[in-house]
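Chemist: Whatever this is, show me its structure:
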Amino acid sequence: MSDATAPEQPAGEVEGQVTSPDPRPPSPPDYSSHFVPGPSGTAVPPPIANPAGLPIGYYATQNPGTFPLYQPIGTTQLIQSQPGKYPTLNQHAAVTWMPVPAPIPNCPAGLEYLAQLDNIHVLQHFEPLEMRTHFETINSYDIKNNSNQMVYFVTEDTDDYARNSYRTLRPFVLRVTDCMGREIMTMQRPFRCTCCCFCCPSARQELEVQCPPGVTLGFVAEHWNLCRAVYSIQNERKENLLKVRGPCSTYGCGSDSVFEVQSLDGVSNIGNIIRKWNGLLSAMEDADHFDIHFPLDMDVKMKAMIFGTCFLIDFMYFERSPSQHSSA
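Modeler: All right, here's what the predicted structure looks like:
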């Protein structure tokens with residue numbers, strides 16, 4: 001019967017079996033990675049300089065056309081983007097992202113994407129759990145350009161009690177992240193009671209847009225109107241800059257709903273927010289599709305404010321509660 005305890009190998013033999021030290025740095029202690037490394041290779045040195053003094057990981061030396069969310073076994077391809085907070089890591093093999101633009105002076109970090117676009121698509125994720133269980137889940141949205149490339153990802157940050165108690169009137173925080181998983185914009189909606197008179201200022205809805213998070217970029221304020229949705233886009237001092245005028249007919253019934261972005265005097269149309277009608281799917285599913293149009297040369301901060309207006313419109317007029325589905 002052999003001895004269960006194997007003798008230790010001499011130090012010389014152990015050293016002879018090691019061809020070279022592992023050049024890869026140790027994984028961060030708090031990050032649980034699913035990446036399976038391939039064979040050892042030459043370590044890639046970090047960039048020597050960081051352009052424009054931006055935070056590490058913001059400016060990519062190689063624009064990520066396709067953002068890898070997993071790494072196949074046995075490959076030697078390096079991860080060129082730092083692990084982010086994209087919530088659907090386990091749902092898609094890869095997500096095609098818009099190439100990272102060059103930094104722009106006096107532009108909040110992350111809004112450089114909007115400088116290259118004159119329209120974006122807001123695609124809400126469909127949640128089957130809501131229709132099956134009548135339990136309100138968090139909203140999440142893909143923001144894409146005309147080439148079907150991801151520009152941003154938006155996810156709701158609320159608790160279960162608020163979502164299922166207040167439904168469409170719930171206060172919320174929407175967090176906008178880019179391809180690196182950085183939160184570049186935050187949108188907050190406070191709770192406003194609608195039990196009192198509709199013309200009362202305390203009953204009017206409001207959305208605050210922060211970019212970067214913690215720094216107020218502006219506000220979207222609802223104005224009372226008897227037959228249509230009217231909003232004003234304001235700066236950080238709550239001074240009116242633009243006006244948004246909605247349709248008069250029933251919202252989202254049989255056709256696209258167009259919300260026009262106008263100058264304060266209402267003379268010129270600057271852009272629009274269109275809620276697309278997708279047939280019976282629009283009536284049955286809680287997964288909206290918006291197209292946002294604005295001038296290409298428009299200030300990126302105003303583009304961000306129009307972008308934020310879209311979400312207040314969605315929650316006020318097109319967000320359906322599961323209980324409403326069952327009673328229909």
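
Chemist: Just after the helix or strand of the chain with the lowest mean pLDDT, pick out the following helix or strand.
Modeler: Among the helices and strands of the chain, strand 66-68 carries the lowest confidence by mean pLDDT, DSSP states H and E, at a mean of 38. Scanning forward in sequence from strand 66-68 by DSSP states H and E, the next helix or strand is strand 94-96.

Chemist: and that following strand, which strands flank it?
Modeler: Next to strand 94-96 in the sheet, as set by DSSP bridges, lie strand 66-68 (antiparallel).

Chemist: Would you mind writing the CA trace of the helix ranked longest in the chain as PDB?
Modeler: Secondary structure of the chain per DSSP state H: the longest helix is helix 300-313. This file holds the C-alpha atoms of helix 300-313, laid out as PDB (Å, rounded to 0.1, in the frame of the first residue of the first chain):
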ATOM      1  CA  VAL A 300     -24.800  69.200 -26.800                       C
ATOM      2  CA  LYS A 301     -26.300  70.400 -23.500                       C
ATOM      3  CA  MET A 302     -29.600  71.200 -25.200                       C
ATOM      4  CA  LYS A 303     -29.500  67.800 -26.900                       C
ATOM      5  CA  ALA A 304     -29.100  66.200 -23.500                       C
ATOM      6  CA  MET A 305     -32.100  68.100 -22.200                       C
ATOM      7  CA  ILE A 306     -34.300  67.100 -25.100                       C
ATOM      8  CA  PHE A 307     -33.100  63.500 -24.500                       C
ATOM      9  CA  GLY A 308     -34.100  63.800 -20.800                       C
ATOM     10  CA  THR A 309     -37.500  65.200 -21.800                       C
ATOM     11  CA  CYS A 310     -38.300  61.900 -23.600                       C
ATOM     12  CA  PHE A 311     -38.200  59.900 -20.400                       C
ATOM     13  CA  LEU A 312     -40.600  62.300 -18.500                       C
ATOM     14  CA  ILE A 313     -43.000  62.000 -21.500                       C
END
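
Chemist: Let me know the average pLDDT across that helix.
Modeler: In this model, helix 300-313 has a mean pLDDT of 96.

Chemist: how would you label residue 212: helix, strand or coil?
Modeler: The three-state assignment at residue 212 reads coil, by DSSP: H, G, I helix; E, B strand; the rest coil.

Chemist: Now it. Its backbone dihedrals?
Modeler: With angles defined as degrees, to the nearest 10, residue 212 sits at phi -70, psi 170.

Chemist: That one reaches residue 109, doesn't it?
Modeler: Yes. Using Cβ atoms under 8 Å, residue 212 is in contact with residue 109, at 6.2 Å. Where you see a C-beta, it was placed from the backbone N, CA and C, and this is true even at glycine.

Chemist: Can you check which residues contact both of the two?
Modeler: Listed as contacting both residue 212 and residue 109 by Cβ atoms under 8 Å, 6 or more residues apart in numbering are residue 184.

Chemist: So for those two, which residue has more residues nearby?
Modeler: The neighbour comparison of residue 212 against residue 109 (other Cβ atoms under 10 Å) goes to residue 109, with 18 against 15.

Chemist: Is that one in a helix, a strand, or coil?
Modeler: coil.

Chemist: Surely it and residue 185 touch.
Modeler: No. Residue 109 lies out of contact with residue 185 (Cβ under 8 Å); the separation is 9.8 Å.

Chemist: what about the stretch 151-300 of the chain, any weak spots by pLDDT?
Modeler: Low-confidence segments of the stretch 151-300 of the chain, defined by pLDDT under 70: 167-168, 192-203, 250-253, 279-287.

Chemist: Please, where are all the strands along this structure?
Modeler: 66-68, 94-96, 119-124, 140-144, 150-156, 172-177, 183-189, 206-210, 216-223, 230-234, 240-245, 257-262, 269-275, 289-293 (DSSP state E).

Chemist: how about a markdown table for these, with mean neighbour count added?
Modeler: Formatted as a markdown table, the strands of the chain follow (neighbours: other Cβ atoms under 10 Å):
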| stretch | mean neighbour count |
| --- | --- |
| strand 66-68 | 15 |
| strand 94-96 | 15 |
| strand 119-124 | 19 |
| strand 140-144 | 20 |
| strand 150-156 | 21 |
| strand 172-177 | 21 |
| strand 183-189 | 21 |
| strand 206-210 | 22 |
| strand 216-223 | 20 |
| strand 230-234 | 20 |
| strand 240-245 | 18 |
| strand 257-262 | 20 |
| strand 269-275 | 19 |
| strand 289-293 | 20 |
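
Chemist: Would you tell me which of the ones you listed gets closest to residue 312?
Modeler: Nearest of those to residue 312, taken as Cβ to Cβ: strand 206-210 at 4.3 Å.

Chemist: can you state the direction angle for that closest one and strand 230-234?
Modeler: With axes from the mean of the first three to the mean of the last three Cα atoms, to 10 degrees applied, the angle from strand 206-210 to strand 230-234 works out at 30 degrees.
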